[in-house]
Structures are given as structure tokens and as C-alpha cells.
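1. Predicted coordinates and the sequence they were generated for:
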Amino acid sequence: MAAGYPEGSGSTYFDEATGQLVVRYVESEAGTLWRAQGRAMRALAGDVPIRYEATTVSLARLQEATRSLNDTHGWAGRLASKVHQVRLDELADEIVIEAAGEADKLAAAAKLATGITPRVIVSRTGPAPQSRRSDTSPYYGGLAIWTGSTGSPSTADASCTTGFRMTRGGTNSNWVTTAGHCGTNGDQFWHPGGWAVRVSSDYESLGTDIAMLAPLGDRYFSRYSWFGERNTSTANPVSGKNTDWPAVGSAIYVSGANGGLVYGRVTSINGSCGGERMVVVDTDTGHAQDGATLGGDSGAPVTRWNTATSATNDLAAVGSHSCGNNVNASWFVPIHRVEAATGAVVVVGGN
């Protein structure tokens, strides 16, 4: 609905403190038209109360200004080397510039270039390196996510883990998998990179422990997957997938948010976790990366090396982690069953 009034609508978000859906509108003619859609918005929101807030700048304009400031730092002149990154904080309706110093001068330069005054955060060391516990767009699989839309520290155990980027019908649909038991439709998860996702389709009640997460806001996922320990900053591309049950004895990796990268070998395709037929993996094999999957690893991408390509470190999707005994065994849903349940396919090309 907001897309029909790009110059009149600001950001929209759920205020957990008050239980209200906050709809921002620009104080202009276009904003008046956007706010007039309130009756239709209320019908869509159901029992959730709506609070309208006036803003001076549309979300579309903020997004465009953020992109232009990120495309090149030429607007900063001789201070360009001090700019670490530029991002949009939709909850605060602010452009945020992270820089090594000269906050006032950079704010003035950005306002001159865009007409919008940003907030400048000074950090001598620059933004933290991206990792599975603090990631920015495009978001990879194997990420730590926490229940809710804000607030959990990245050092705490994650609630669940993101899996594979999915698309349906050959469109540019933007989803990522997690375990179905992580939440039900509408539940939100938060990540320290400053973004959130919600459960858009939960298939657990239909017999498959899988759910599809959709990003909130102008964000997108990647086919890359974090591949390493709990705080790893190493990621590899997913360039292939299994088309059936994996062979008994085959090697796999589970890349969970809390347990990190765990190696194992398939022992059976007739295991049961929550009543569902799954693959069973022995993770106590004498390998350098043996270990146990932990709570919060649910939804983690299960992969193997992609032997069909000569590229270094390419992965093939094998399944979605579901549960484990915290000692030496894990269970996962094979990827062909994930695709059958969701009607979507794993993205194995592009970014």
C-alpha cells in the first residue's frame, strides 16, 4: 500500500512497547492521501491498533539518499577516507554515517549532497567485521537470529539459525529457511546487524520441520553460507544441491549459530525427530571438526563440498538441521523434502 504513495509514506514498524503498528506519513499532500488509506490499513491490521506519526522525509527519499551516499564517498571530499559506512535506520527514520571522526563536517557535507541531515557515529576502528553473529545485507545462511525484533546481545546464545536462500516460481522472491519449530507465522527474529525477519510460512504443522523467513524492510539474502566456528567470518557459496536422500556414509557439515561448524557422517535415512522421517548423522567420527549441535542451531544449513565444480570451497545444499542429542547425533530434513514442502527451490546462482 505504501508503495502507491512513495512521496507520502515513511517507514512502518511494530512498537512492542505499546502493541501498536506505527505508520509514518509525510506532512504533504501525498502524505495526506497516504494517511487517508487508514480504513483499508485497519482492515489489514486486524486487531492491532494503529498509531500515525508525522515525518518530514519519505522512506523512498531516505533510501535513495542512503544509496547515493554509499555509491561513492565523493560527497565527503577530503574526509572521504574517514567514512566507514552509511546505513539507514528505519526505526529512527535517520541516515546513519559511521566514521573515524569529523562528525560535524561530515554531517554538513551529507546534508549539502542530499538535503537530509544524518546522524554521525564516530568509531576509530570502523564497523565490526561481518560474521555469522553480526551481518549486514546481503545476509548469508548460517546466521545467528534471536527471538523478537530488537535487543539481544550478539554474545548470547542465538534462538535459531538461518539456512538457505529460496525462490519460488522463478521470481525474485526473497526468503531464507529455518526450522519450523522455531516459530509460527508472524513471529519475528532479530539480528545484531540491525535487521529483522519474520516467519512468513511455517510448514511444521504440515509434517515438515521447516519455515520460511521473510526480511522486514529493504533487505535481501544471499546464497552464501557461513562456514566455521561460532564467531566465524568465513563464508562459502552454495552452488549445488542434493536431489534425493543423501547416501549412508556420506560426509556433511552442519553450520549452526551456537555450535559452529560440526562434521558428521550419515548413518541412516530412517531417523525420527518429532515424528518426522529424517536423516541421522553421527558427529563423533574422529574428524577435526567433530562436536555436538546445540540448541539454537535449528535451521542451520547442512552442506557438503560440491564435487561437481572445480571452484574452491563451493558447497552443495543437503538439508536443514532440526535437532540433536547434544552429544554425538543430529537429525536434519533433506533439501529435496524442504523444496517439496515449500514449493520453492534453493538458490544456487548469483550473489
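-> Noted; the coordinates are in hand.
2. so Thr208 sits in a strand?
-> No: read with DSSP: H, G, I helix; E, B strand; the rest coil, Thr208 is coil and lies in no strand.
3. List the contacts of the closest residue in space to it that isn't next to it in sequence.
-> Residue nearest to Thr208 in three dimensions, not counting chain neighbours: Ala341, with 3.9 Å by CB to CB, 6 or more residues apart in numbering. To be clear about C-beta, it is placed using only N, CA and C from the backbone, and glycine gets the same treatment. Going by CB atoms under 8 Å, 6 or more residues apart in numbering, Ala341 touches Tyr203, Leu206, Gly207, Thr208, Ile210.
4. Tell me the secondary structure at Gly31.
-> Quick answer, by three-state DSSP: Gly31 is helix.
5. just checking, it touches Ser9?
-> Yes: if you go by CB atoms under 8 Å, Gly31 and Ser9 touch, sitting 7.4 Å apart.
6. so what's in contact with these two at the same time?
-> The overlap between the contact sets of Gly31 and Ser9 (CB under 8 Å, 6+ apart) consists of Tyr25, Ser58.
7. The two: who's more crowded?
-> Neighbours were tallied for Gly31 and for Ser9 using other CB atoms under 10 Å; the higher tally belongs to Ser9 (25 against 22).
8. Closest to the mean position in the chain, which residue would that be?
-> Tyr139 (5.1 Å; CA atoms, centre = their mean).
9. and that one, bridged to which residues?
-> On the basis of DSSP bridges, Tyr139 is bridged to Phe221.
10. check contacts around it.
-> Counting by CB under 8 Å, 6+ apart, Tyr139 touches Thr162, Val176, His191, Gly193, Trp195, Pro215, Arg219, Tyr220, Phe221, Ser222.
11. now the helix or strand containing Ile121, how far from the chain's geometric center?
-> For Ile121, the enclosing helix or strand under DSSP states H and E is strand 119-122. Offset of strand 119-122 from its chain centre (CA atoms, centre = their mean, to the nearest Å): 25 Å.
12. mind listing what that strand pairs with, with the direction of each?
-> strand 94-99 (parallel).
13. List the contacts of the strand it pairs with.
-> Contacts of strand 94-99 (CB under 8 Å, 6+ apart): 62, 65-66, 69, 79, 82-89, 106-107, 110, 114, 116, 118-123, 126-127.
14. would you list every one of the strands in the stretch 151-300 of the chain?
-> Counting by DSSP state E, counting those that start in this stretch, the stretch 151-300 of the chain has strands at residues 160-161, 165-167, 175-178, 188-191, 195-202, 211-215, 221-226, 235-241, 251-256, 260-273, 276-282.
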